[in-house]
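**Student:** The sequence and its predicted three-dimensional model are supplied below.
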Amino acid sequence: MSEVEKMPVTLTVNGKKVQRFVEPRTLLIHFLREDLSITGPHIGCETTHCGACTVELNGMSVKSCTMFAVQADGAEITTIEGMANPDGTLSALQEGFRQMHGLQCGFCTPGMIMRAHVLLKENPDPSEDEIRAGIAGNLCRCTGYQNIVKAIQYAAAKLQGREFQEAAE
């Protein structure tokens with residue numbers, strides 16, 4: 001059996017330029033986790049159904065379990081590791097998930113935060129229905145989503161300089 005020829009890949013990941021040679025069949029999630037030791041994006045279903053592997057690629061939400069690393073050549077990627085503020089404090093979304101108890105086991109949290117990050121860039125003041133539709137491709141088996149929605153609403157308010165007002169239930 002002959003060895004597969006590796007291809008060069010250059011990416012900017014969490015603000016740092018990286019260059020590696022990878023097999024053409026290497027999935028982006030495996031490249032991030034195994035080659036770069038970036039373990040925030042999780043491997044869940046490997047079919048794009050769960051969203052645990054969600055990263056931001058050139059400003060878009062991408063499920064890294066069904067994209068080849070070579071397809072991302074030249075891209076800018078942000079993972080959960082790149083979400084903190086420059087001074088090391090939590091981003092508005094990370095703070096929101098903490099303050100609003102938007103996580104339980106935490107397995108879905110990195111992908112959920114990354115999807116919510118792009119959602120808030122696309123729509124800085126989403127309604128509850130828009131948030132639910134926006135995160136529909138990311139599954140959570142623990143929370144029932146209510147506190148995830150609150151966490152995203154909290155972050156949206158904070159990013160707009162408003163105080164988060166929890167809706168009466």
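**Tutor:** Sure, I can see it.

**Student:** Tell me the secondary structure at the residue minimising distance to the centre of the chain.
**Tutor:** For the chain, the residue sitting closest to the mean C-alpha position, by Cα atoms, centre = their mean, is Met114 at 2.5 Å. For Met114, the assignment made with DSSP: H, G, I helix; E, B strand; the rest coil gives helix.

**Student:** Return the distance of the residue nearest to it when sequence neighbours are not counted relative to Arg162.
**Tutor:** Counting by Cβ to Cβ, 6 or more residues apart in numbering, Met114 lies nearest to Thr54, which is 4.5 Å off, once chain neighbours are set aside. Using the backbone N, CA and C atoms, a C-beta is placed for each residue, glycine as well. Between Thr54 and Arg162 the computed distance is 26 Å (Cβ to Cβ, to the nearest Å).

**Student:** More neighbours: which of the two?
**Tutor:** Each of Thr54 and Arg162 has its neighbours counted (other Cβ atoms under 10 Å); Thr54 has more, 32 against 10.

**Student:** does the more buried one really touch Cys65, like I thought?
**Tutor:** No. Look at Thr54 against Cys65 with Cβ atoms under 8 Å: they stay out of range, at 9.3 Å.

**Student:** was I right about Cys140 contacting Gly111?
**Tutor:** No. Checked against Cβ under 8 Å, the pair Cys140 and Gly111 is beyond contact range at 9.5 Å.

**Student:** Pick out whichever of these two has more residues nearby.
**Tutor:** Neighbours were counted for Cys140 and for Gly111 using other Cβ under 10 Å; Gly111 has more, 30 against 22.

**Student:** which other residues reach the helix or strand encompassing that one?
**Tutor:** Secondary structure assignment for Gly111, by DSSP states H and E: helix 109-122. With contact meaning Cβ atoms under 8 Å, 6 or more residues apart in numbering, helix 109-122 is reached by 40-42, 44, 50-56, 59-61, 78-80, 83, 91, 93-94, 97, 102-103, 126, 131, 134-135, 137-138, 140, 148, 151-152, 155-156, 159.

**Student:** repeat that with 6 Å
**Tutor:** By Cβ atoms under 6 Å, 6 or more residues apart in numbering, the residues outside helix 109-122 that reach it are 40-41, 51-52, 54-56, 61, 80, 93, 103, 134-135, 138, 152, 156.
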